[in-house]
Structure formats: C-alpha cells, structure tokens
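Novice: Below are the sequence and a predicted model; questions follow.
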Amino acid sequence: MDSKMVVGDRLAVVSGQWSVVSEEGPGAGGQGPKNSAAPNRSTRIQNRQSKIQNRAAFTLTELLVVIAIIAMLAALVSVGVMRALDSAKQTRIKVEVDNLDAAFKGYKEKYGSYPPCALYTPATNQALRAHIARAFPRYNLGNLANDLAKAGLDPNYTRPDQALVFWLRGFGPDVTNPFLTANDEQIVAGAVPAPGVKVARTPFFDFDKARLKNLNPSGAVNAMSYVPPGVKNNAPYLYFETGAFSPTYAAPYSFDAASYLFDPVSGGKIVSAGVATVYCRDVDNNNTAAFPPDEWMNLESYQIVSSGMDGIYGNSAAAASWHLYPAGIGYSPDLSEDDNVTNFCDKARLGDAKP
C-alpha cells in the first residue's frame, strides 16, 4: 500500500509511492533554493513570448519573396479572369447570332422567302419587287423606291448591316402601307402623313434599343444598325443574302466597313472594322477556291457575320481572296478574322472550326 505524506500543499508520486516535494526545494526545513532545474512561471512565459516574437519577424529577402509570389498569383488570376470574361462575351455574341438566325427563319415562315439585301443591285430589282409582292399583295409597288428611301434605305444600295435591322424590326399593321420610319412613323407614298405619331410594329427579333446605332454619315435618323454586346467599336452585325446571287460570282463578295460605316459620335469612318467577306464551302476539299464545284456557305439562304470581340471583320488584303470554311484558306493572316461569329459555324469563334 502506497504511503502518503504532506508537506506544505504539494504531493508527489514516485514509482507508485507518494513522496514529499517541498515548495521551497529540498533541504532541511525547506530552506534550500527553489527547484533550480526548471525556470519559474514568469521566466517560462517570457521565453515563449520571445520565441513567438522571433518567429513573427521576416527578413527583407523573405518579404520580397512573398511579394513576388503574390504578384505572380495576382497576374495569373487576372489573365484567367480576363480570358473567362472574353469567352463569356464571345459566347453571348454567338447566342445572339443564333437568335438572329432563328428570327430570319421565322420571317421566311411568315412571308415565304428570306428578305433581300440589295447590296449588289438597285432596290427596284425584280427579286426585291417579287419579295414585297409576295409578302404584301395589296401594296402598291410603284411606291417602293420612295418608301424605302423614307424608311432610311438607299433605294440603290442596301447595306448588309441596315438590311438586318430593317427586315427584322417588322412592319406596321396596315398591309397596304407596311413600311415605317426608324422612329416608327407610317410611310404612305413616300411621305409621313402623321409626323410624331408612332405605329406599333410586329418585330421578328427583340432588339436591345441601346445597341441600335445610327451609323450614317449625315447623322440623320435613318435605317439603324445593330452592334453586338461588348464589341470594341461600332462594328455591327451583317446580313448577306447568299441565296440571291450566283455561286459562280466573279469576285469575293465583301463589305468595306471603311467606306460604308460611320461613327455617330465622331462623325468619322470606322476604318478599324476592316472588310467583311462572304464565306465559301470547299466542296471538293482541295483547299483551293474553284466555282464550281465550290459554293457559298448557306447557298440557298443567308450568312450572318459578326466581327467578334475585336471589332474587326478582317483586313483589306485578305478581302481580295476567297475565304474557304472551315479550312481557313484565305482568312486574314493577322488572325483578326478568327474570332468572327457566324450563323453557319457551330463554334463561338470562326477560327475554332479550323481542322
């Protein structure tokens, strides 16, 4: 049985037996020094604090290394975030192109054919007259040139950016006089009988009004253009009616933005938008343009083209050559064309379809 002794108020157990440990250390009468083998409580606390302070201190080299690591991480995160944002914006443009494509299909379902873009022939051509006659049998075709001019379209030259908006914005309810001004006023025989009185349209596409731009040199309210979200300049969507002209067309069908687009703020041409070109399909897969057998993409319908995020359709040098999809033959060598978005390419970027 263990024996127990009490000295002061401390007890100790050694090898299963209790032994006396004096508060004042060993020795007769407890007069010896306190336990000299271990520091007192105050000393231990000071030692711990000193160690903590020593550990918390950084050398200049360590600080510079930490700062460099943080800077590199921040740069990597920034690049990743910017790429993710650009990818999201590019995808948003592709989604809108697909919606525009669906709108043109809805237009054909209602009126029997795709709307014309008379870029290559006068607005009084037979194809345009036949289209209007089919869509609005009670309309007086004798008023067509004047009505289109009042609506903001050049009777002899319909730009592909303006054609896209003009046809998809829809028409007024009066089938005998369906055309409206850009301000939704009814046009009758080339005049506006009730200026300021707006007529409800039946649109095929819900345009974001903030992105409908007047890209005309005069600045007057005229046919509008539609700018993609997030594009770096005012390079708008383009509509090319490829079903309306021969696949053996003698030269690439292009749209020179430097000549025909104008910045409504500065009044200057958007020369940075470059040149947009209709794309072709390499039918025989020989990476060479030859018509026939090669032909336009969407030969029987149309092409919708966006400049992508950079606001550049392509460079002028490449516009003189045929652009074969998907191989990328004839594309702009500076790759400005690779981020273009179209309705015939399933990818968010034209360049992503290259084999």
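Specialist: In hand now; what should we look at?
Novice: Can you point out the buried residues in stretch 198-216?
Specialist: Neighbour-count burial for stretch 198-216, counted by 16 or more other C-beta atoms under 10 Å, picks out 199, 204-205, 207, 211, 213-216. Any C-beta I mention is one placed from the backbone N, CA and C, and that applies to glycine too.
Novice: I'd like the average pLDDT over it.
Specialist: Predicted confidence along stretch 198-216 averages 91 (mean pLDDT).
Novice: Over to stretch 285-302?
Specialist: Stretch 285-302 carries an average pLDDT of 86.
Novice: Can you tell me which of the buried residues of stretch 198-216 is nearest residue 167?
Specialist: Using C-beta to C-beta, residue 204 is the member of the buried residues of stretch 198-216 that lies nearest residue 167, at 7.7 Å.
Novice: right, and that closest one touches residue 103 too?
Specialist: Yes: shown here, residue 204 and residue 103 form a contact pair, counting by C-beta atoms under 8 Å, at 4.4 Å.
Novice: quick one on the thing from earlier: could you let me know which of the buried residues of stretch 198-216 ends up closest to residue 323?
Specialist: Checking the buried residues of stretch 198-216 one by one against residue 323 (C-beta to C-beta), the nearest turns out to be residue 215, at 23.8 Å.
Novice: overlap in contacts of residue 204 and residue 103?
Specialist: Residues touching both residue 204 and residue 103 (C-beta atoms under 8 Å, 6 or more residues apart in numbering): residue 168.
Novice: re the thing from before, in the buried residues of stretch 198-216, find the pair that's most separated.
Specialist: Greatest spatial distance among these (C-beta to C-beta): 199 and 215, at 24.0 Å.
Novice: Would you mind listing where the stretch 251-355 of the chain has pLDDT under the threshold?
Specialist: Applying pLDDT under 70 to the stretch 251-355 of the chain flags residues 251-252.
Novice: ok, 80 please
Specialist: By pLDDT under 80, the low-scoring segments of the stretch 251-355 of the chain are 251-253, 264-267, 320.
Novice: Do you have the helices of it handy? List them.
Specialist: In the stretch 251-355 of the chain, the segments counted as helices under DSSP state H, counting those that start in this stretch are 257-260, 316-319.
Novice: Compare the ones you listed and give me the one nearest residue 73.
Specialist: Among the helices of the stretch 251-355 of the chain, helix 316-319 comes nearest to residue 73, with 39.8 Å by C-beta to C-beta.
Novice: Remind me what the closest one packs against, helices and strands.
Specialist: Identification of packing neighbours for helix 316-319 by 3 or more C-beta pairs under 8 Å, 6 or more residues apart in numbering; DSSP states H and E yields strand 254-256, strand 275-277.
Novice: for the helices of the stretch 251-355 of the chain, which one sits closest to residue 116?
Specialist: That would be helix 257-260 among these, by C-beta to C-beta, at 17.7 Å.
Novice: Lovely, talk soon.
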